[in-house]
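J.: Everything below, folded, please.
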Amino acid sequence: MSDLTKGTLVQHSSLGLGKVVAVEPNALHVFFPDSDKRFAAKLRLPAARSMLRTEGIEPNQWLTGLSAFAMDEATGRYGLSATWLTHDQAIAQYLELHPEGFGEKAAGAARKPDRQARWAAAHAAWEAKLGQGEGERLLAAGDLSLLVKRGLDVEKHVAPLHPPSDEEAVRSAFSDPELTGPYFAALFELLADKRGSRARFDALFAAARALPAEPAQQWLVATLFPFIAAPDRHVLLRPRATGHAADRLGCDLNAHAAPAWGPYSALRALSVQLLEKLAPSGARDFVDVEAFLFVTGAAKRPSTKASGLATPRSHRAGARLDGAASAARSKP
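T.: Residues are numbered from 1 along each chain as shown. The predicted model follows:
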């Protein structure tokens, strides 16, 4: 049974393609997307062994990326979140709220800026105040007070998007000049590295962990400015909101502690695949993915039978989202 380990994709003679989510001495817990249920099936060993094979299975990154399985004490089964949504269900709910998709909004009456507009304004402010080497120049000159002021001027464009607990998080995190300097140094080095190497992220996360803030707020500060400066390369991770939305899509970011590479790389891998899936609706960068995850976190779980929305079966048929988040954790 050495080939039947947690995470292995298997083909069952009658239940179809599945993923091993847990192994017990006398049983396997296997999630079969075609069952349209959030719980994994419990297969007794050794009887089930003859009905399973692991050879000749085509890669299925959507199924591989499902990682948010937990034991349900009431049923003794492993399952996804009770509010789990298929990607097609989540996209349908986003488009129900935003029929125009992610494209340009039609001209009309005055309206409050939406999320994407606020992020665009913050990006423009970054380019004007800290872009084109201006941030590095201020850092080299030791003018941390002006550097922090301009950073806060950039952040104010998206401050209304912060939850109440994060309203003053950035300002508080930048209260100690001795710690703020190393943070900005690591930030500018990361932004200058177009490849976004893990070493640069590790340095930024270490600098963020040293800031006077709670872990969740350290995550915000660590990922906010890279996301604003280069939304085509970097993603925003808020442990509670982003983690909840990802969990609803079956991806466990495991971002409960302070900033680190593993959760971030998992979110980025998920975001890359989401962007590919959302592109036909006009999504262009990770700002659109952030807006999608925001809606997904609050969306109601529809009744599959009542709504007629696509189930995981549609992913197998070719419309699946290739969210290889779990595999990305092992990549540098």
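J.: what's the longest strand in this protein?
T.: strand 16-24 (DSSP state E).
J.: For that one, list every residue counted as buried.
T.: Applying a neighbour-count criterion of 16 or more other C-beta atoms under 10 Å, one finds L17, G18, K19, V20, V21, A22 buried in strand 16-24. The way it works is simple: take the backbone N, C-alpha and C, and place the C-beta from them, glycine included.
J.: for it, packing partners?
T.: Judged by 3 or more C-beta pairs under 8 Å, 6 or more residues apart in numbering; DSSP states H and E, the packing partners of strand 16-24 are strand 9-12, strand 27-31, helix 61-65.
J.: can you list those in TSV and add mean pLDDT and mean neighbour count?
T.: TSV is the format used below for the helices and strands packed on strand 16-24 (pLDDT from 0 to 100; neighbours: other C-beta atoms under 10 Å):
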stretch	mean pLDDT	mean neighbour count
strand 9-12	92	18
strand 27-31	92	22
helix 61-65	75	21
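J.: Direction included, what does the longest strand of the chain pair up with?
T.: The strands beside strand 16-24 in its sheet (DSSP bridges) come out as strand 9-12 (antiparallel), strand 27-31 (antiparallel).
J.: From the centroid of this structure, which residue is nearest?
T.: Centroid-nearest residue in the chain: L267, 3.3 Å away (criterion: C-alpha atoms, centre = their mean).
J.: export the strands paired with strand 16-24 to JSON lines and tack on distance to H157?
T.: Shown next, in JSON lines, are the strands paired with strand 16-24 (distance: least, C-beta to C-beta, whole Å):
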{"stretch": "strand 9-12", "distance to H157": "44"}
{"stretch": "strand 27-31", "distance to H157": "42"}
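J.: among these, which is nearest W219?
T.: Closest approach to W219 among the strands paired with strand 16-24 (C-beta to C-beta): strand 27-31, 28.8 Å.
J.: List the contacts of the closest one.
T.: Outside strand 27-31, the residues that touch it by C-beta atoms under 8 Å, 6 or more residues apart in numbering are 4, 10, 12, 15, 18-23, 39-45, 48, 52, 63, 66, 69, 77-78, 80.
J.: repeat that for 6 Å
T.: Surrounding strand 27-31, the residues in contact under the criterion C-beta atoms under 6 Å, 6 or more residues apart in numbering are G18, K19, V20, V21, A22, A40, A41, K42, L43, R44, L45, Y78.
J.: Export the residues you listed to JSON lines and append columns for distance to L85.
T.: Output for those, formatted as JSON lines (distance: C-beta to C-beta, whole Å):
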{"residue": "G18", "distance to L85": "20"}
{"residue": "K19", "distance to L85": "18"}
{"residue": "V20", "distance to L85": "23"}
{"residue": "V21", "distance to L85": "18"}
{"residue": "A22", "distance to L85": "22"}
{"residue": "A40", "distance to L85": "17"}
{"residue": "A41", "distance to L85": "21"}
{"residue": "K42", "distance to L85": "24"}
{"residue": "L43", "distance to L85": "26"}
{"residue": "R44", "distance to L85": "31"}
{"residue": "L45", "distance to L85": "32"}
{"residue": "Y78", "distance to L85": "18"}
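J.: Farthest pair within those?
T.: Every pair of those checked by C-beta to C-beta; the farthest is K19 and R44, at 18.0 Å.
J.: Relative to the whole chain's centre, how far out is the helix or strand hosting E290?
T.: E290 is part of helix 286-298 when elements are defined by DSSP states H and E. Between the centre of helix 286-298 and the centre of its chain there are 9 Å (C-alpha atoms, centre = their mean, to the nearest Å).
J.: Restrict it to CA atoms and write it as CSV.
T.: Written as CSV, here are the backbone C-alpha positions of helix 286-298 (Å, rounded to 0.1, in the frame of the first residue of the first chain):
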residue,chain,number,x,y,z
PHE,A,286,-4.5,39.8,-9.2
VAL,A,287,-6.6,42.9,-8.3
ASP,A,288,-9.5,41.2,-10.1
VAL,A,289,-8.7,37.9,-8.2
GLU,A,290,-8.7,39.8,-4.9
ALA,A,291,-12.2,41.2,-5.8
PHE,A,292,-13.4,37.7,-6.7
LEU,A,293,-12.1,36.2,-3.4
PHE,A,294,-13.8,39.0,-1.5
VAL,A,295,-17.2,38.1,-3.0
THR,A,296,-16.5,34.4,-2.6
GLY,A,297,-15.9,34.8,1.1
ALA,A,298,-19.4,36.2,1.6
